[in-house]
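> Sequence first, then the predicted structure, then my questions.
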Amino acid sequence: MPCDIDDDDQCLFQYAIEHNYVLVIGNNRDFEWQFYKYAETGKDHQGLVLIQSKHNRSSYLIAEWLELLSDVDVTNTIFRI
């Protein structure tokens, strides 16, 4: 993904916004604050799914949770799994 920003996390966050993607990430520390900062603009965000470190390697669990969320409108919401 091309990016003019030196900060990879910011670049990924902006890419998700520009393409209306829900961002699913295990890097909670660097993305949760960006979500709240973006929320202050009053613009919608497609949502953020934060994977807790204890579940980072549980691909089946993550897939099950994402399947459950697939029918849920997660706009402007943070989910922690």
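Received the coordinates, thanks.

> ok, the closest residue to residue 55 other than its chain neighbours - how many residues close by?
Sequence neighbours aside, residue 61 is the residue nearest to residue 55 in space, at 5.7 Å (criterion: CB to CB, 6 or more residues apart in numbering). All C-beta atoms are positioned from the backbone trio N, CA, C, and that covers glycine. Close neighbours of residue 61, defined as other CB atoms under 10 Å, add up to 13.

> Would you check that residue 61 makes contact with residue 54?
No: contact between residue 61 and residue 54 fails when scored by CB atoms under 8 Å: they sit 10.0 Å apart.

> After the host helix or strand of residue 24, which helix or strand is next?
Under the criterion of DSSP states H and E, residue 24 resides in strand 23-25. Sequence-wise, the next helix or strand downstream of strand 23-25 (DSSP H and E) is helix 28-39.

> residue contacts, the residue lying closest to residue 77 once chain neighbours are set aside?
Leaving aside its chain neighbours, residue 77 sits nearest to residue 47 (5.0 Å; criterion: CB to CB, 6+ apart). Shown in contact with residue 47 (CB atoms under 8 Å, 6 or more residues apart in numbering): 22, 23, 74, 75, 76, 77, 78, 79.

> give me the low-pLDDT residue ranges for this protein?
1-2, 4-6 (pLDDT under 70).

> Can you name the residues bridging to the residue nearest in space to the middle of it?
Centroid check for the chain by CA atoms, centre = their mean gives residue 23 as the closest residue, at 2.6 Å. Residue 23 has the following beta-bridge partners by DSSP bridges: residue 48.
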